[in-house]
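Engineer: what's the 3D shape of this:
(2 chains)
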Amino acid sequence: MGFAIAFAALVWVAAAPARQPPCEPLPEVRRAIDEAASPFVAEEDLERALASLRALREKLPADLFVHLRYQDAVFDRGTEGHLKGMLREYQNLAADHPGEILYEYLAGRAHLGRGTSKAVAAMERILARDPRFAPALRTLAEIHGSAMFGDAARERREREAFAALCPSSAIARRPAPLPERSALFDAASATPEQIGLALRADHARLLRIRMFDWYADETRTQELRAVQADSWKAWRLLVEHHRRAGDTARADALLVEMEERLARLRQRRDPAYPLASEIVARLKTRSASAEPDHLR
Amino acid sequence: MRTTRLRPKPHSLSLLLPLLALAIPAYAQSDPGPRGGAANAGGPLAGLSAVEVSAFNDAKAVFAEIDSVSGGIAGEDGSGLGPTFNANSCASCHAQPAVGGTSPHPTLGQVRRSNPQIAFATLDRLAGRNQTVPSFILANGPVREARFVKNADGTPDGGVHGLYTIAGRVDAPASCTTGQPNFPAALAANNVIFRIPTPTFGLGLVDNTSEEQLTSRFASTATQRANFGIGGHFNRNGNDGSITRFGWKAQNKSLLIFAGEAYNVEQGVTNELFQNERGGDENCEANPTPEDHSHFLNGTSTTGTLAQLSSDAVNFANFMRLLAPPATTINTASELNGQSLFNSVGCNLCHTTTMVSEESVLTGQTNVTYHPFSDFAVHHMGTGLADGVSQGNAGGDEFRSAPLWGAGQRIFFLHDGRAGPGNGGLMKAIQEHSSTGSEANTVISRFNNLLTPSQKQDILNFLRAL
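Structural biologist: Sure thing, here's the model as predicted:
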C-alpha cells in the first residue's frame, strides 16, 4: 500500500511538466526502470523487455529517463523493425506535444546512429531554443565523441557545457560496445547446438553493424566477410561432428553442398575462395583416409 | 522481320471431321513425358548486340543469386530474405529445363533436381529449430506457392502465404519467432490453393507486344470462339486500363512489376516496386527497406555496368526481357499431324499460335514473329480448375490461357501443378480443362470424341515438341 502511494506520487511528480529534466533519474525511477527491463535479458525476450518498458512509459509518460532506457533498449537490441517503429512512435509523440522540448528532443534522439545528421540538427535546434537543455548537450557530446562523427573540438565544448549543468553525470560511448565475435569457430570440435548459437551470435553482431551509420561501409564489408568466413568454419565443424557421430550420410551431404557453394565462389572470384577451398580440401582428404573409429 | 521455327500444316476442319469420325483407335495415347536432349532454352534472344548479350549474362547471374537474411552466409550473398519466403533464389524454382524455366524434378527433364522447397525447412536453421515441410510440397512434386482463399473472418484473402519464415535461422534476429502459417488447418478447411512458377522464356517479346496486336488477334477468332462456347476477356490494369498479361491470371502488367512482386512475395525481399515487408512483425525485420534498390555507387565508384548499378528487380526484368523463347523441335509426321489437329480441334482458339512484337529499343527485336500459344486473355475454366481467387478483373474460375511454348520440357502443368508425371501429365492437363462452366468444354469434348487415340497421341507428341 505504501509503495503504491509512493509510486502514485512519483507518477504525479514525473508527469508534471518540467522544462529542465534532472541530470539523473530519481532513485525510484531508476529502480522502476531496472525492475521493468532486467528480467528480460535473453535475446529471445526482447519483445517482452520492450513491452515492459512501454508499460512503464505509460505510467511515467513525461519521465525522460524512462524514455531514454526504452530508446537505448531498441538501439542496443532492436531489429530494423523496432528501430523504424520507435522513430515513428517518437515522431508521433512530438506531433502530439507541439512545442514541448522534451518530445522534440526524444524524436531527434530517435535518429541516433541511424540518421545521425538529423539527430545533430535536432539537438542544435533545441539548444538554439534552450542552451541549458542538458540532454541535448549530452547527446551531441556522445555523437561528436564517436569514431564516425568524431569532432574533438565540438565534443569538448559540448562535454564542458554538459558538465557545467550536470557535473556528476557520465557521457555514454557511442556506439555501444559490440558483442565479441564468437571464438568457437577455431575450436577443435563443437556440437551442432553450439555451432548454431555461435553463428547466430555473429549474425546478431553483424546486424548491429549493418543497421547503424556509426559504422563505415568498409567496416560493414569486413564484418560481412568475417561472418561469411565463419560459415565455412562452422560447416567444417559440423562435417567433423557428423563423422565422429558416425553419420557419414549427413557429413557427405553437407560436404557436397559446400562444394557447390565453393564452385559459385570460384566462379565470381570471391575473396573467401582460398579459405573455403582449403577447408573443403582438408575435409575431403580426411574423408578419403578416414577409418572407422574402432580401427583408430 | 524474323520468325522462330514453326511449320504450320493447316487442315480444313470440314475435310478433317469425316476422317476423324472414321478413324479406328490404334493404340492408347499417353504423354511421352518431358523431352530429353539439350535444353534449347535459357540463352539470350537471337540478334542482340554484344553489349546487350553481356547485360543478359550479368542479369542472369543476379537472377541466380541466393539470398539470406543479411547476406552473411557464405554462398548466400544476397540479402533481404524473409520474414516469410517460398525460395531463396529466382533460379531455384525457375530451373527446368534451364535457368528461367519452371519446377525441376529429381529424375526427369534436363535439370534433375529435387523440389528445392524441401531444403528450406532445414537450410541455415539452428539445431532444433527446423521448420516443417508442408504436406503439399513433395521432393518429386512441383514448386508451389500457397494462397489462402479467405481470411479468418470470411472476407476474401487470395494472397500468398509464405511456406517458411526466417525464425530459427542462424541469421535471423533472435527475437523473430513468427512461425509458419497453419497449413494443416487451411487444408482441412479447404482454404488453400496453389500456384506453380511460370516459365519466363521469351517473355520480353510478350512484354513488347502491343495492345492492338493482342486485341486484334483475339477479335479475329470471335466467331469461332462463340461457336465453341468460348468467351474470354483481357485482364486490365485498374489505373490506366491497359492489358495485363503476366501470371496465371494475367494479373501483372509488366516484367518489371512481375519481378518486383515476385521478389517480395516469394523471397521476402522488399524492393523499389514493393517496398514494404510482408507480415507486419517488427521482430523479424532485419534490414532497412527497400532491401533491394538501385545503386548510386558501385562500391566506391560512380560508374559500373548496367547490372552493377541496377537493382536486383531491374536485373531480373532485364534477364527475362532478353531471354529467348524456347526452341521447338516439331519434325516427325506425328508431331506435324498433331500440330494440325491442335488447330482443327480448336485448342488454338485460346492457345493462339502466333504473335508479333512491336518496335523495340533492343537490337533486332522489332516485329519479331513468335509463337507463345496463348491469347493472353483470361477464360472461365470451370469448377474443376476454379481456385476462388480473384486478381484484377480475373474471377475465381478464370485463368489466362497458359502459353504452351516450352511445354515439351515442362514437368508439371496447370496453375497448381496438379498434372504431372504420376497422373498422366499432359493428358491429365487436357482433361482438367473440362468441368462445369468451362469455356473449354466443347473443345475438350471434340478432343475426346472426334479424335482417335493415335490422333490424340499426335497432339501430345506435338505439344512435347514445343
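Engineer: Run a quick neighbour tally on whatever residue of chain A ends up closest to chain B.
Structural biologist: Of all residues in chain A, A:Gly81 sits closest to chain B, at 2.8 Å by C-beta to the nearest C-beta. Heads up, the C-betas are built off the backbone N, CA and C, glycines and all. A:Gly81 has 23 neighbouring residues, counting by other C-beta atoms under 10 Å in any protein chain shown.
Engineer: next one: A:Asp217
Structural biologist: By the criterion of other C-beta under 10 Å, A:Asp217 has 11 neighbours.
Engineer: what does the stretch 151-296 of chain A put close to chain B?
Structural biologist: Selection of the stretch 151-296 of chain A residues close to chain B by C-beta under 8 Å from any C-beta of the partner chain yields A:191-193, A:195-197, A:199-200, A:202-204, A:206-207, A:210-211, A:224, A:227-229, A:231-232, A:260-262, A:264-265, A:268, A:272, A:276.
Engineer: ok, 7 Å please
Structural biologist: Listed as neighbours of chain B in the stretch 151-296 of chain A under the rule C-beta under 7 Å from any C-beta of the partner chain: A:192-193, A:196, A:199-200, A:203-204, A:206-207, A:210, A:224, A:227-228, A:231-232, A:261, A:264-265, A:272, A:276.
Engineer: Average pLDDT for the stretch of helix or strand the residue of chain A closest to chain B belongs to, rounded please.
Structural biologist: Assigned by DSSP states H and E, A:Gly81 falls within helix A:80-96. For helix A:80-96, mean pLDDT rounds to 96.
Engineer: cool, stretch B:299-312 as well?
Structural biologist: Stretch B:299-312 shows an average pLDDT of 93 in the prediction.
Engineer: cool, and stretch B:445-457?
Structural biologist: 97.
Engineer: A:Tyr103 looks like it's in a helix, true?
Structural biologist: Yes. The assignment for A:Tyr103 (DSSP: H, G, I helix; E, B strand; the rest coil) places it in a helix.
Engineer: give me the number of residues near A:Lys118?
Structural biologist: For A:Lys118, the neighbour count with other C-beta under 10 Å is 15.
Engineer: SS state for B:Gly417?
Structural biologist: Put simply, B:Gly417 is coil when judged by three-state DSSP.
Engineer: who's in contact with it?
Structural biologist: B:Ser103, B:Gly141, B:Pro142, B:Arg144, B:Phe194, B:Ile196 (C-beta atoms under 7 Å, 6 or more residues apart in numbering or on different chains).
Engineer: Spatially nearest residue to the fourth one (excluding sequence neighbours)?
Structural biologist: So that's B:Arg144. B:Phe194 (4.4 Å; C-beta to C-beta, 6 or more residues apart in numbering or on different chains).
Engineer: What does the spatially most central residue of chain B show for phi and psi?
Structural biologist: Chain B has B:Thr198 as the residue nearest its centroid, 0.8 Å off, counting by C-alpha atoms, centre = their mean. The phi/psi pair for B:Thr198 (degrees, to the nearest 10) reads phi -90, psi 140.
Engineer: next one: B:Asn337
Structural biologist: The phi/psi pair for B:Asn337 (degrees, to the nearest 10) is phi -70, psi -40.
Engineer: That one contacts B:Asp458, doesn't it?
Structural biologist: Yes. Between B:Asn337 and B:Asp458 there is a contact under C-beta atoms under 7 Å: 4.4 Å.
Engineer: Where does pLDDT dip in the stretch 1-150 of chain A?
Structural biologist: Low-confidence segments of the stretch 1-150 of chain A (pLDDT under 70): A:1-19.
Engineer: And the helices in it, which stretches?
Structural biologist: Assigned by DSSP state H, counting those that start in this stretch, the helices in the stretch 1-150 of chain A fall at A:2-15, A:27-37, A:46-59, A:64-77, A:80-96, A:101-109, A:116-129, A:134-144.
Engineer: Buried deepest among these, which one?
Structural biologist: Of all the helices of the stretch 1-150 of chain A, helix A:134-144 has the most neighbours on average by mean count of other C-beta atoms under 10 Å in any protein chain shown, namely a mean of 24.
Engineer: which secondary structure elements does it contact?
Structural biologist: Other elements packing on helix A:134-144 under the criterion 3 or more C-beta pairs under 7 Å, 6 or more residues apart in numbering or on different chains; DSSP states H and E are helix A:101-109, helix A:116-129, helix A:152-165.
Engineer: Count the residues that sit near the closest residue to A:Asp186 other than its chain neighbours.
Structural biologist: By the measure of C-beta to C-beta, 6+ apart, the closest residue to A:Asp186 outside its immediate chain neighbours is A:Lys233, 7.1 Å from it. Other residues near A:Lys233 come to 22 when the count uses other C-beta under 10 Å.
Engineer: Can you mark which positions in the helix or strand hosting A:Lys233 are buried?
Structural biologist: Following DSSP H and E, one finds A:Lys233 within helix A:217-244. Neighbour counts over helix A:217-244 (16 or more other C-beta atoms under 10 Å in any protein chain shown) mark A:223-225, A:227-243 as buried.
Engineer: Quick check: next helix or strand after that helix?
Structural biologist: Downstream of helix A:217-244, the next assigned helix or strand under DSSP H and E is helix A:248-267.
Engineer: which residues touch that following helix?
Structural biologist: The contact list for helix A:248-267, computed with C-beta under 7 Å, 6+ apart, reads A:235, A:238-239, A:242-243, A:272-273, A:276-277, A:280, A:283, B:74-75.
Engineer: let's see it at 8 Å
Structural biologist: With C-beta atoms under 8 Å, 6 or more residues apart in numbering or on different chains as the contact definition, helix A:248-267 has outside contacts at A:232, A:235, A:238-240, A:242-243, A:270, A:272-273, A:276-277, A:279-280, A:283-284, A:287, B:66, B:74-75.
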